[in-house]
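Participant: Give me the fold of what follows.
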Amino acid sequence: MPHKIGFTVVSSSGHEDGFSARELMVHAPTVNGWRSPRLCQYPQEITLQLVERCRIRKLQLLAHQYMIASKIEFYISESLPEYFAPYQSERFQRLGYVPLSDNEKTDFRARELKSVYMDAVGQYLKLIFHKNYVNKYNLYGQVALVAVNIIGDPADYGIDSMSSLSREKLIDHYLGIKLDDPALDGTYLGKLDSISPLDDLAFDMYQDPEVAQIIRRLDEKKREAVRLECYDHAKKLKQAIADLQKVGERLGRYEVEKRYAVEKEDYDLAKKKKEQMDEYRLKVYQQLELHDLLDAQLLIRKNELPLGSVSGTESPQSSPSEPADPRQGEPLRAEPVLEEQLVDPTSSEPVVPYQSPLSPQTQPTTSKEVFSKENVEILPYDERPLPAICKQVDEAVAYVEPEVTEEDVGDAPRTGNAGEPEQLTQKALREASPVVEVFGETLVSGAYSRTWSCREEALLAVYQKLMEVAVDTPKEDLRNMLRAAVFLVRRAIKDTVSSVFQASLKLLKMIITQYIPKHKLGKLETSHCVETTLPHLLSRTGDSSSRLRLLASTFIQEMALCPEVKPLQIIPVHLVKTLKPNSPPHLAMSHVELVESLLAAMGTENSGFTVSNVMKFATGALEHRAYEVREVVLRIIFAMYREHRAAVLEYFPLDDASARRTVRYKTLFEGFAKIDGKSSESEVRAQRKAATEAEKQTKEEMKVLKSHPAALKLVLQAEVEDEEVSISLLTDYQVYEAGKIQEELSSVANYLDNLCIFCGERNESFTEEGLDLHYWKHCPMLTRCEHCKQMLEICSLTEHLLTDCDKRDSFGRCPRCREAVPRDELPRHIKSRICNPAKPENVANHCPLCHENFPPGEEAWRPHLMSRDGCKMNQRRTSLLNKTILLQPGKT
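Facilitator: The predicted model follows:
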């Protein structure tokens, strides 16, 4: 079975201080790795010596996040040539090269973990690094390697295992057992070439070294328990290993945070992290002792446990290097965070191996080998790609392992016949191991298959299994089946094939509406189903296919309104999270339409929707770049305004004249006015403008006609002559009616003479000039604006200061008393809360002089401003009380 091979660093072309190549011999979350010297010449090289002559099966490289070589070449040799004897360099045989990503897509924050499969025999491995990618962080043109991992077998292991396997096959032949029997899946025969996850580079780079040693010891115990057929103990050990992996990852993260605190000289934080690690480690060890899983040899402190070498065997001690000073402008990063870069096998550059012209050529036996053989003729001799993995012992080839996404399992399938799903890759097997334990590897292979029909059949098979589960099944088994099914549903929701997507929705609906209620699993499991799948469902509402968008949106609405999910209020709360202004239009449109429809169906009472969270969502979404999205958001706001007027207005700039002049808020407030049954601000302004122009035109005409009586007489005579109906044709009745109307008009004109239309006072001195003087100094219903010197009615003073005054930008409206307050005093005024709150207009008027509320209606202003018990702050009222009012005000 291939395993991790230990190595030592024999030589390197150079390194930066504190980043020696010997760092590559240690795998831990806090290692620094190797860096080339600053402003170095290329290529750079590192030579590794393996602990013994080995057959290398897999090579893993962890690249730096921004000091990235454009490509890395591999050479292998049986013995080390004299370093300074160039004529002996042919002893190294070229295997090929791998290209590395320039990492621009991740903004230089992730590290690429490159896995290379090969079949090469030797004891010395040389890595040659070519020129670096240029980026803003790599100021000195360096390349770096954080870690390297070699997996293989001793050189003689292959021959022994082949002969042993041949003997096994011969025995099985006589016993009538087929090697492809499904009953043998997972046995030793099926895993001869598999690689343990504990030997993977990601394991050591994530794990605390001490916990990693314990996990390896427990894994040995587990294999021994399986050999002795102690399966209960093996199961307990398996669960302990899974739990310890999470523990090791957390301790590794703490160690990195402690190292970072030390770099920043924050020793309090470093001490806290150390105490946190010790406490957590002690608690875990006590649990292991409680279950008799930890023997005395494993109870060692960290300071007694050296960092494990790559192979787990002894290696030369490497002194811990000081952490490099973070460079200015360098992206913030956490050292143990490994992010495998997705490599597209069709677009990435293949590994290009070298083959000696003397080596025998073999005929390819697989389609992959045929494809690679065809490509050989296209490339130059030194750049020719060889097949992926060959079974010949003497042939050394390499190829890049394409990384796997959730959408497409890019690894080469190990087996698989036409019409049947491919077997799971190692990565898929690790990812779906809990699901495999529940549903079996065959069904899960179908769910991971490249063939859409296999994926659909797998989901339908899970549907059937869950429908047939007996009611008396133990709760733990029911929950395991539920969570395994939800795992497959979450993966299938992202499927681009419509039928697979619909099958996932069918399965999810059955789980929520039938499976959970039938087995009484409770709200906790329903919450798990919804919370796990909802983000992926929402992402599908932005799909380029309108059919899939509609399916996803409809399903979310149905799920939100079903009796099992509605009381949990999960979907409304998730929907009203902030919508980014630059989110894709399809996704944003579906999002706001979902909020609109569910808000209309569920309301804001005990639904998850509240005035606060809906209005915060709406005001944010109102900034979206798409006009259609903003239109839907306006409908949401208007619907909320109909139900909660005062609460909604608090979220908008009522007192900001400049903001209200923008098109967005202008449309918004015009909609509010229509809902209130009032004329919009633009309509009011248009009416005022028309009335002013008409009045101005009338005055000008009257002025001209009065100064030219002769012209007036001529005009009247012309009108009389042009009249089609003669006065003589009028009946007696019409003459009577015309005379009556004339008398009424003259009586109205006589009544308005010498009368102030605002306060109702009549005075012989109220000629045109006298009225102007009265308005300017004495009328108690009027006042003069101190800022623009305009005369206006007291009842309209507040609106004048906010909208019409020349100084209107220096005033704001208090949301409590609704009065105009200077902007520089407004925050203090609002905070003090000493003003008298204004009541709604239909309940009471609010005086801007004395700040008191009094009865509503326009008629109530005159008694308030003029009576003895009225407004105490109206200075003109006191002079009026000393006069004798000749005529009581009345309504004409």
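Participant: Pretty sure V247 sits against E210.
Facilitator: No. Contact between V247 and E210 fails when scored by C-beta atoms under 8 Å: they sit 10.4 Å apart. Glycine gets a C-beta too; all of them are placed from N, C-alpha and C.
Participant: Now for this protein, the helix or strand with the poorest mean pLDDT.
Facilitator: Least confident helix or strand of the chain, by mean pLDDT, DSSP states H and E, is strand 398-400 with a mean of 36.
Participant: Name the nearest residue to G603, sequence neighbours excluded.
Facilitator: Excluding the flanking residues, the one nearest G603 by C-beta to C-beta, 6 or more residues apart in numbering is F609, at 7.1 Å.
Participant: Assess the claim that that neighbour and A600 are in contact.
Facilitator: No. F609 sits out of contact with A600 when judged by C-beta under 8 Å, with a separation of 10.3 Å.
Participant: okay, those two: which has more neighbours?
Facilitator: F609 (22 against 11; other C-beta atoms under 10 Å).
Participant: pLDDT wise, what is the more buried one at?
Facilitator: According to the prediction, F609 has pLDDT 89.
Participant: tell me which element it is part of?
Facilitator: F609 belongs to no helix or strand when assigned by DSSP states H and E.
Participant: buried stuff in whichever strand in the chain runs longest?
Facilitator: Longest strand in the chain, counting residues (DSSP state E): strand 44-63. Residues of strand 44-63 classed as buried: 44-51, 54-63 (neighbour count, 16 or more other C-beta atoms under 10 Å).
Participant: List the buried residues for stretch 581-594?
Facilitator: Here stretch 581-594 shows S583, H586, L587, A588, M589, S590, H591, V592, E593, L594 as buried, counting by 16+ other C-beta under 10 Å.
Participant: which residues of the stretch 351-500 of the chain score low on pLDDT?
Facilitator: 351-419 (pLDDT under 70).
Participant: And the chain, by the same measure?
Facilitator: Residues of the chain meeting the criterion pLDDT under 70: 81-90, 156-193, 289-419, 653-664, 679-685, 698-699, 701-752, 878-892.
Participant: Domain boundaries for it, per the record?
Facilitator: Following the TED database, the chain resolves into domains at 3-81+90-156, 226-292, 772-886.
Participant: any chance of those domains in TSV, plus distance to E631?
Facilitator: Shown next, in TSV, are the domains of the chain (distance: least, C-beta to C-beta, whole Å):
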stretch	distance to E631
domain 3-81+90-156	35
domain 226-292	46
domain 772-886	27
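Participant: any idea which of those is most buried?
Facilitator: domain 3-81+90-156 (a mean of 20; mean count of other C-beta atoms under 10 Å).
Participant: got the contact list for H586?
Facilitator: T541, G542, D543, S544, R549 (C-beta atoms under 8 Å, 6 or more residues apart in numbering).
Participant: and if you look at A447?
Facilitator: A447 is in contact with A432, V435, R455, A458, L459, L488, R491, A492, counting by C-beta under 8 Å, 6+ apart.
Participant: For the fifth one, which non-adjacent residue is spatially closest?
Facilitator: For L459, ignoring the flanking residues on the chain, the nearest one in space by C-beta to C-beta, 6+ apart is A503 at 4.2 Å.
Participant: ok, the one you found touching A461?
Facilitator: No. Between A503 and A461 there is no contact under C-beta under 8 Å: 10.2 Å.
Participant: In terms of packing, which of these two has more residues around it?
Facilitator: Between A503 and A461, counted using other C-beta under 10 Å, the more crowded position is A503 (22 against 16).
Participant: residues contacting the more buried one?
Facilitator: Counted by C-beta under 8 Å, 6+ apart, A503 has contacts E456, L459, L460, Y463, A492.
Participant: List only buried entries from those residues.
Facilitator: Of the contacts of A503, these count as buried by 16+ other C-beta under 10 Å: E456, L459, Y463, A492.
Participant: now for these, which pair is the farthest apart?
Facilitator: Comparing every pair within the buried ones among the contacts of A503 by C-beta to C-beta identifies Y463 and A492 as the most remote, at 11.4 Å.
Participant: Quick check: neighbours shared by the two?
Facilitator: With C-beta under 8 Å, 6+ apart as the test, Y463 and A492 both reach A503, L507.
Participant: tell me the SS of M118?
Facilitator: strand (DSSP: H, G, I helix; E, B strand; the rest coil).
Participant: ok, what's across the strand from it?
Facilitator: Partner residues in beta bridges with M118, using DSSP bridges, are A398.
Participant: Cool, thanks, signing off.
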